[in-house]
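Peer 1: Just need the structure, nothing else, for what follows:
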Amino acid sequence: LKLSGEIQESNNKFKNPFSIVEVFQFALIYIVIFVLIKYSQNEIGISGVYIISLISGIIDVDAVTFSAASLSKNGTIFINQASIIVLLAIISNTFFKYMYILIFANNNLKKEMLKVFFINLAIFLSFIFFQLIL
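Peer 2: All right, here's what the predicted structure looks like:
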């Protein structure tokens, strides 16, 4: 919006999430993450899966969530391990989004989001802690 009340056209172009290109991109990300998680689980163990979920969470949380749900449903991993996998992906995704805020946002937003980030981090880590001890 301009100060004079005129509406200025935005240069933002929204993509259709149902376009075939978007679907194939998500499918490719999902397949790569699923294969990496399965491979690391077989070769390294659950700690390798946790590392893959932290790295993959930077790109996409949904693919990690679907992979963890699929492996849990098949009995390959336990439910508590699947929840930790998803939470680690969420933590890494949240962290990198906060990095974007640090780079591009004004100081007021940075301060507010820092509070939210640490509250979320405390909740996520406490959930992971309780999953590990149960």
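Peer 1: Least confident secondary structure element in the protein?
Peer 2: Within the chain, no helix or strand scores below helix 20-43, which has a mean of 86 by mean pLDDT, DSSP states H and E.
Peer 1: how about it: buried residues?
Peer 2: Neighbour counts using 16 or more other CB atoms under 10 Å place 29-30, 33-34, 36-38, 40-41 of helix 20-43 among the buried residues. C-beta here means a position set from N, CA and C on the backbone, and glycine is covered the same way.
Peer 1: Check stretch 80-99 too.
Peer 2: Of the residues in stretch 80-99, 81-82, 84-94, 98 count as buried by neighbour count, 16+ other CB under 10 Å.
Peer 1: residues in contact with stretch 26-42?
Peer 2: 48-49, 51-53, 56, 59-60, 62-64, 66-68, 70-71, 76-77, 85 (CB atoms under 8 Å, 6 or more residues apart in numbering).
Peer 1: Now it - C-alpha only, PDB.
Peer 2: Listed next in PDB are the C-alpha coordinates belonging to stretch 26-42 (Å, rounded to 0.1, in the frame of the first residue of the first chain):
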ATOM      1  CA  PHE A  26       7.700 -32.700  -3.000                       C
ATOM      2  CA  ALA A  27       7.800 -36.400  -4.200                       C
ATOM      3  CA  LEU A  28      11.500 -36.100  -4.900                       C
ATOM      4  CA  ILE A  29      12.300 -34.500  -1.600                       C
ATOM      5  CA  TYR A  30      10.200 -37.200   0.200                       C
ATOM      6  CA  ILE A  31      11.900 -40.100  -1.600                       C
ATOM      7  CA  VAL A  32      15.400 -38.700  -0.900                       C
ATOM      8  CA  ILE A  33      14.600 -38.100   2.800                       C
ATOM      9  CA  PHE A  34      12.900 -41.500   3.100                       C
ATOM     10  CA  VAL A  35      15.900 -43.300   1.500                       C
ATOM     11  CA  LEU A  36      18.400 -41.400   3.700                       C
ATOM     12  CA  ILE A  37      16.400 -42.200   6.800                       C
ATOM     13  CA  LYS A  38      16.100 -45.900   5.900                       C
ATOM     14  CA  TYR A  39      19.700 -46.100   5.000                       C
ATOM     15  CA  SER A  40      21.000 -44.400   8.100                       C
ATOM     16  CA  GLN A  41      18.700 -46.500  10.300                       C
ATOM     17  CA  ASN A  42      20.100 -49.700   8.800                       C
END
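Peer 1: With that, I have no additional questions.
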